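K.L.:
got a predicted structure plus its sequence, pasted below:
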There are 2 protein chains.
Amino acid sequence: MRRDVFQAIADPTRREIIGMLSQRPLNLNAIAENFDISRPAVSKHIRILTECGLVAVQLRGRERYCHAQLHKLKEVVDWTERYRVFWTKKLDALEDFLAADQRSGKKVQTKIANRKISKKNR
Amino acid sequence: MRRDVFQAIADPTRREIIGMLSQRPLNLNAIAENFDISRPAVSKHIRILTECGLVAVQLRGRERYCHAQLHKLKEVVDWTERYRVFWTKKLDALEDFLAADQRSGKKVQTKIANRKISKKNR
DNA sequence: ATTTTGCGTAACCGAAAGGTTACATTATAT
DNA sequence: ATATAATGTAACCTTTCGGTTACGCAAAAT
């Protein structure tokens, strides 16, 4: 099981579960009530969220209370943060420029292709 | 095709492609050189990234230059941003508390379950 | 003691994901 | 004009995903 945070939040149902649990812990049935899918299906989602550390389960008798452990989302934030500059005003202007160029078919490629690059930044 | 940004960045290869393209536009073969997978496989990844708006393709003769369009990542940032409070120092302390409780089996549940919640925050 | 509740798990299913090879097409180079 | 380079696409395969129903089991309620 690969189970990384990126894959975990790819599913919209799991993102909803995260939203619910961020407000207060819930046991499995309480979560399932909010969805049209079956209880075992929710159980599987919880398992995935648990495996990647986004949710922690606390046993209370026969109930399992699920807590959001959202500091694990920092992994996602850290990745996106590297590209934050790309949605600032200044950069948007460049994107617009490129989009316009694409429509007109004008030659501007070299300008972009030769931008200085820094190695090893994955 | 669902093709939302969350699903697009779930795949590690696509995240690497995004990292490469954020430095400079590349044509498809240039991208493929960096991976062990076949060229058609890369082509499929580019298609997915294009469909959700993370990449734009600019045709130059027989070549297709792929540009990163990273302002679309803002969607991801906006979602995660709602939970930023959960990985600040203060909240981490709460998480630690919960984790310790889970180990000891002590009763603290009600305290958390009764936290004030605000509606409609998905 | 018996029933009900809250859950995990197993077996199964169809669809989608991620990859491959083979082939077609068009632009450029020779 | 012919060959080669850059790419899309189709057909196919295997694995994973997200869901289901059926069942089992322990805790709680009766």
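P.N.:
Great, that's in hand.
K.L.:
quick one, domains of chain A?
P.N.:
Domain segmentation of chain A under automatic domain parsing yields A:5-68, A:81-120.
K.L.:
weakest of those domains in terms of mean pLDDT?
P.N.:
Ranked by mean pLDDT, the domains of chain A bottom out at domain A:81-120, which scores a mean of 55.
K.L.:
quick one: contacts for the most centrally placed residue in chain A?
P.N.:
In chain A, the C-alpha closest to the average C-alpha coordinate belongs to A:Ile9, at a distance of 4.5 Å (C-alpha atoms, centre = their mean). A:Ile9 makes contact with A:15, A:18, A:54, A:73, A:76, B:6, B:10, B:79, according to C-beta atoms under 8 Å, 6 or more residues apart in numbering or on different chains. C-beta: built from backbone N, CA, C; applies to glycine.
K.L.:
so A:Ile37, which of the three states?
P.N.:
Put simply, A:Ile37 is coil when judged by DSSP: H, G, I helix; E, B strand; the rest coil.
K.L.:
separation between it and A:His45?
P.N.:
Distance, A:Ile37 to A:His45, using C-beta to C-beta, to the nearest Å: 9 Å.
K.L.:
same check on A:Ala8?
P.N.:
From A:Ala8 over to A:His45 the distance is 9 Å, taken as C-beta to C-beta.
K.L.:
who touches both of those two?
P.N.:
Common contacts of A:Ala8 and A:His45 (C-beta under 8 Å, 6+ apart): A:Arg14.
K.L.:
ranges for the strands of chain A?
P.N.:
A:26-27, A:55-60, A:63-68 (DSSP state E).
K.L.:
most tightly packed of those?
P.N.:
Each of the strands of chain A was scored by mean neighbour count; the highest is strand A:63-68, a mean of 20, by mean count of other C-beta atoms under 10 Å in any protein chain shown.
K.L.:
show me how far that strand is from its chain's centre.
P.N.:
With C-alpha atoms, centre = their mean, to the nearest Å as the basis, strand A:63-68 stands 21 Å off its chain's centre.
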